[in-house]
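# Below are the sequence and a predicted model; questions follow.
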Amino acid sequence: MSRKVTQSSDYDFQVETVRLLTPEGNKSSVFLNRRVDNHEELGTCTEHYGLVQNADLINRADEALDRRGMTDYERKIYVTDNGSKLRAIYDFKRDADKLVVPEVGDEMGFRLIVQNSFDRSLKVSFALGFLRLACTNGMTTLERELDMVKRHTKKIDINSLLTDQALGEALAKFDDAANVYTEIARKNVTQQQGLNVLQNLQKKNVFSEKVREGIASIWNNPRRDEDGKAGEMRNLYQLYNAGTEWLTSAHHTDSKGNELGTYESRRFELENRVSTSMLKPFEASSRNESRFNRLILAPKSEAIVQTA
């Protein structure tokens with residue numbers, strides 16, 4: 001089957017690093033990364049910075065996947081902040097790539113995320129995660145072996161970063177990484193306990209009140225059979241999915257009320273931070289009954305109750 005490739009903006013532009021001058025016209029110790037085509041300034045760096053072109057990174061990912069026969073994917077590329085950041089998302093949805101969470105019958109594919117930046121905000125990275133096929137929400141993993149990351153230095157070599165061996169080892173751990181979802185799916189919670197969990201996470205600054213209210217709105221009104229029904233016994237996996245669904249589908253804004261694009265840096269980072277911050281205590285509570293009981297306990301303040 002041929003691959004389906006979409007782009008939100010052009011990523012295939014060349015970037016150069018040039019030394020800046022002092023007001024007196026002397027060479028400074030600061031360098032500038034800028035686009036060759038339009039001289040758009042992307043970020044500053046030092047002489048030790050190692051430039052990685054977007055096209056080289058994407059080509060490396062494509063070639064590594066091709067060599068393993070993994071060509072049946074959907075690829076989306078997002079370039080944000082005037083070209084200073086790149087994220088490429090490779091989604092694998094075919095039957096051979098699916099994993100199932102048996103407790104709820106939910107199916108997951110996997111996702112490769114490639115990142116690069118020219119403003120030093122992102123390291124060069126290839127990271128494997130999960131894709132919930134019911135709604136195409138991205139899902140994080142707690143397995144560090146699935147992340148291949150390098151800093152932008154003069155010695156950076158992307159060919160040594162995403163090797164056939166590294167990709168093979170990461171894929172071999174894919175099943176193990178998915179076990180966390182099976183474990184949290186075994187921890188049953190009532191409708192009210194799910195709301196208690198969200199309030200407890202807010203109190204621990206895992207997310208803001210706005211985020212908690214958004215996730216609660218999904219929890220109170222599940223949209224899919226795999227997510228159960230409001231008022232019936234459900235589980236932490238379904239509560240986690242309420243979180244990823246809201247984070248992925250909601251219209252997020254910055255502090256000035258400006259809507260953030262689908263993969264604008266701040267939104268992407270919010271989704272990943274909150275998703276991981278939810279999964280960690282859920283995974284810990286699935287292994288420790290005392291932690292689970294504390295997680296679902298109604299806060300000392302008045303508990304938040306379900307509303308229609």
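The structure has been received and is ready for your questions.

# Which secondary structure state does A284 sit in?
In three-state terms, and counting by DSSP: H, G, I helix; E, B strand; the rest coil, A284 is helix.

# R291 is in contact with that one, correct?
Yes: applying C-beta atoms under 8 Å as the test, A284 and R291 come out as touching, 5.4 Å apart. Yep, even glycine has a C-beta here, placed from its N, CA and C like the rest.

# now this protein, which segments are flagged as low pLDDT?
1-9, 95-97, 133-147, 250-268, 301-308 (pLDDT under 70).

# and if we set it to 80?
For the chain, the stretches with pLDDT under 80 are 1-9, 93-106, 108, 131-149, 170-178, 248-272, 300-308.

# Around the residue lying closest to R234 once chain neighbours are set aside, count how many other residues there are.
Counting by C-beta to C-beta, 6 or more residues apart in numbering, G228 is the residue found nearest to R234 once chain neighbours are left out, at 4.1 Å. Per other C-beta atoms under 10 Å, the neighbour tally for G228 reads 19.

# Also the one 3 residues further on?
Look at G231: counted by other C-beta under 10 Å, it has 11 neighbours.

# okay, now the domains of the protein?
4-173, 186-296 (automatic domain parsing).

# Endpoints of the last one, how far apart?
This points to domain 186-296. 14 Å (C-alpha to C-alpha, to the nearest Å).

# would you turn the domains of the chain into CSV with distance to V180?
Formatted as CSV, these follow (distance: least, C-beta to C-beta, whole Å):
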stretch, distance to V180
domain 4-173, 6
domain 186-296, 5
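
# can you map out the helices along the stretch 151-300 of the chain?
158-161, 164-172, 174-185, 191-203, 209-220, 236-249, 265-287, 289-296 (DSSP state H, counting those that start in this stretch).

# Deepest-packed of those, please.
Mean neighbours per residue, mean count of other C-beta atoms under 10 Å, is largest over these for helix 236-249, with a mean of 24.

# same for that one, what does it pack against?
Here helix 236-249 touches strand 137-139, helix 174-185, helix 191-203, helix 209-220, helix 265-287, going by 3 or more C-beta pairs under 8 Å, 6 or more residues apart in numbering; DSSP states H and E.

# can you state the direction angle for that helix and helix 191-203?
60 degrees (axes from the mean of the first three to the mean of the last three C-alpha atoms, to 10 degrees).

# Distance from helix 236-249 to the middle of the chain?
13 Å (C-alpha atoms, centre = their mean, to the nearest Å).

# pull the longest strand from this protein.
Ranked by number of residues, the top strand in the chain under DSSP state E is strand 106-117.

# related to what we said a few turns ago, out of the helices of the stretch 151-300 of the chain, which gets nearest to D119?
helix 265-287 (9.5 Å; C-beta to C-beta).

# Would you list the strands that the longest strand of the chain pairs with, along with their directions?
Paired strands of strand 106-117, with direction, are strand 85-92 (antiparallel), strand 99-101 (antiparallel), strand 124-132 (antiparallel) (DSSP bridges).

# how near is R273 to R68?
To R68, R273 is 30 Å away according to C-beta to C-beta, to the nearest Å.

# circling back to that earlier point, can I get the strands paired with strand 106-117 in TSV including distance to L279 and mean neighbour count?
Formatted as TSV, the strands paired with strand 106-117 follow (distance: least, C-beta to C-beta, whole Å; neighbours: other C-beta atoms under 10 Å):
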stretch	distance to L279	mean neighbour count
strand 85-92	19	22
strand 99-101	14	18
strand 124-132	11	22
